[in-house]
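[1] With the sequence up front, the predicted model follows.
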Amino acid sequence: MRLMITLVTCLLLWSLMILVLFFNIFNHQVHNAATTGSENSAKPRDKLLGGLLTEEFDESSCLSRYQSSLYRKPSPFKPSRYLVSKLRNYEKLHKRCGPGTEAYKKATENLVHDDVASKSVGECRYIVWIAVYGLGNRILTLASVFLYALLTERIMLVDQRKDIIDLFCEPFPGTSWLLPLDFPLTDQLDSFNKESPRCYGTMLKNLAINSTTIESIIPASYLCFYLIHDYEDHDKMFFCERDQSLIRQVPWLVFNSNLYFIPSLWLIPSFQTELSKLFPQKETVFHHLTRYLIHPTNQVWGMITRSYNAYLSRADERLGIQVRVFSNPAGYFPHVMSQILACAQREKLLPEVFASEPQVPNTSRSPKLKAVLVTSLYPEYSEELRTMYWEGPSSTGDIIQVYQPSQEMYQQTDNKLHDQKALAEIYLLSLTDHIVTSDSSTFGYVAQGLGGLKPWILYKPKNHTAPDPPCVRAVSMEPCFLRAPLYGCQAKNVKITPFVRYCEDRITGLKLVDSVYQP
Ligand code: GDP
């Protein structure tokens, strides 16, 4: 009898343990499901982003491509049908002309013979994109060069000698956007600078070509364009109508650029009608192009989703603050800290902090959890913010949680892990609800465009003092073309085109807007 009782007790205990184990596993899974993805995971999601993306890709090779919709709110901006069909046609052209095709082989053979190439421009014409400057600059020029490729029916190939394959997935299905390493001009790509005799501006300056006669031809199989911030008037002739008709004849174009030059493409009359059809909402150009082109690799996506699930997914509201300090030396400055706070509190993005604990707890509404994502090379800005909201209670009773994924201390462009962290942070910023950015920073421009966010831009501090007002709300989410040509062939159009205006953070820069500008 005693044995019987012991046996039954053991059995009962055993079943109880199994039950507890099952319960734990179940609970863990439910919790994971809730934190993987955003609050949108229950809603039907638009994984192709309104037709912007093709369904042709294998999902596992690039998780970010089809999973981004789990983490972002649906964009209120839909791509036009015309843009969608243009992208599908581009993808077909890229398949026909891309690396490994007969057309590519022929085009590269002709590349070394200027006379043959200029006479036999076939269906396939090319643009080569070179990786220069920081990641923000690179993403802006990828979008600019790609749009120029769409407009001129060329295909875009990207220089892969830096770490592009560690950052981005292939954007075009069934082919590759990577310029093969045995491309005949690979060794020369780095010499396409301001003085290069093969760059368009230099050729004009040296009178090697003359763009003023309509019948001009350029006897060249390739040309480079120097569109870097210190470019000169001759280089800026790229943006003239007459020069565009000359450039059309050349089979290979190489772009050395760090500028978001799309606003000035709109000022070239022969492109304007097509651009208006592609982008009826002007300020969505970069938003759509970047969502089409930029898909972080699985490694970067892991960094993004881990951060998001750990620090952002449960928040009621997410605020991104991007701190870029351009002064020399750069680093932590108290006036920059006060400027960030002044902006965030004045614009009601963050609450004030009470000097002492309230006597009666505020029970009028349940407190919100507000996650603040700070990105900066330096740790001090987020540390100060975190300390501030720990030491004192927020005036609204809201809970402020501050998070900074990395503190790299200095720019290390082309270091793989450093660039991957930079991309992860740009992307995380784009997943927030509101964003404060630093003036003239392409890092911030990419985040705002990807996220479809109109940022509050921190003005450039002068004489080590926080400016007043500290920041301004951008009129559009478009990046600024920081060194746009304002004179020469574009002068008249800059003045009369209603959807191009001077940037909030750079009075000589140009950006696209939808609203009519009221000075
Ligand atoms: P810009 O110089 O601000 O226009 O932006 P870029 O992205 O072109 O260049 C700055 C580079 O510095 C980035 O690409 C990163 O390599 C690095 N960097 C600047 N700010 C940050 C930051 O907040 N986080 C990280 N991880 N890197 C940054």
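    Looks like it came in fine.

[2] CA only for contacts and neighbour counts going forward, please
    Fine.

[3] What residues does this protein have near the ligand?
    Neighbours of the ligand within the chain, by C-alpha under 6 Å from any ligand atom: 133-137, 324, 375-377, 406, 411-413, 419, 421-422, 441-443.

[4] Mind giving me the ChimeraX select for those residues, buried ones only?
    The buried residues among the residues of the chain next to the ligand can be selected in ChimeraX (16 or more other C-alpha atoms under 10 Å) with this line:
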select :134,135,136,137,324,375,376,377,406,413,419,421,422,441,442,443
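
[5] Filter the residues of the chain next to the ligand down to the ones in strands?
    375-376 (DSSP state E).

[6] and the residues of the chain next to the ligand, which of them are in helices?
    Judged by DSSP state H, helices contain the following of the residues of the chain next to the ligand: 135-137, 419, 421-422, 442-443.

[7] can you list those residues in TSV and add pLDDT?
    Converted to TSV, those look like this (pLDDT from 0 to 100):
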residue	pLDDT
L135	98
G136	98
N137	98
D419	98
K421	98
A422	98
T442	98
F443	98
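
[8] Looking at those residues, spot the one nearest M337.
    Closest approach to M337 among those (C-alpha to C-alpha): F443, at 19.0 Å.

[9] Now that closest one. Nearest residue, chain neighbours left out?
    G136 (4.3 Å; C-alpha to C-alpha, 6 or more residues apart in numbering).

[10] ok, so what distance separates that neighbour from S64?
    As judged by C-alpha to C-alpha, to the nearest Å, G136 and S64 stand 19 Å apart.

[11] Also P461?
    37 Å.

[12] so where is the stretch 351-500 of the chain shaky, pLDDT-wise?
    Scanning the stretch 351-500 of the chain for pLDDT under 70 picks out the ranges 361-363.

[13] run the last query once more with 90
    Within the stretch 351-500 of the chain, the stretches with pLDDT under 90 are 355-366, 463, 492-493, 495-496.

[14] Just the buried positions in stretch 452-462, please.
    Residues of stretch 452-462 classed as buried by neighbour count (16+ other C-alpha under 10 Å): 452-461.

[15] Which of those lies at the shortest distance from K511?
    Distance to K511 across the buried residues of stretch 452-462 (C-alpha to C-alpha) is lowest for K454, with 12.8 Å.

[16] Would you check that that closest one makes contact with P479?
    No: using C-alpha atoms under 8 Å, K454 is not in contact with P479; the gap is 10.2 Å.

[17] so which residue of the stretch 351-500 of the chain comes closest to the ligand?
    Nearest residue of the stretch 351-500 of the chain to the ligand: S376, at 3.2 Å (C-alpha to the nearest ligand atom).

[18] how far away is the most centrally placed residue in the chain from I294?
    The centroid of the chain falls nearest to V446 when counting by C-alpha atoms, centre = their mean (3.1 Å). Counting by C-alpha to C-alpha, the separation of V446 from I294 is 10 Å.

[19] Apart from its chain neighbours, what residue comes closest to the residue of the stretch 201-350 of the chain found nearest the ligand?
    Closest residue of the stretch 201-350 of the chain to the ligand, C-alpha to the nearest ligand atom: R324 (5.5 Å). The shortest distance from R324 to any non-neighbouring residue, by C-alpha to C-alpha, 6+ apart, is to S438 (5.7 Å).

[20] Contact partners for that neighbour?
    The contact partners of S438, taken as C-alpha atoms under 8 Å, 6 or more residues apart in numbering, are 322-325, 444, 457-460.

[21] Show me what it bridges to in the sheet.
    S438 has the following beta-bridge partners by DSSP bridges: L458.

[22] just to revisit the earlier point, the residue of the stretch 201-350 of the chain closest to the ligand and P379 touch, don't they?
    No: counting by C-alpha under 8 Å, P379 is not a contact partner of R324; they are 11.9 Å apart.

[23] Can you give me the neighbour number for A310?
    Number of residues near A310 (other C-alpha atoms under 10 Å) recorded here: 12.

[24] repeat for F238
    Neighbours of F238 (other C-alpha under 10 Å): 22.

[25] Give me the nearest residue to it, chain neighbours excluded.
    Per C-alpha to C-alpha, 6+ apart, closest to F238 is Q244, 6.7 Å.

[26] count of neighbours near the one you found?
    Neighbours of Q244 using other C-alpha under 10 Å come to 16.

[27] On the three-state scheme, it is what?
    Under DSSP: H, G, I helix; E, B strand; the rest coil, Q244 falls in the helix class.

[28] Repeat that for P498.
    coil.

[29] start the count at 558, not 1, going forward
    Understood, numbering begins at 558; the last thing we discussed is P1055.
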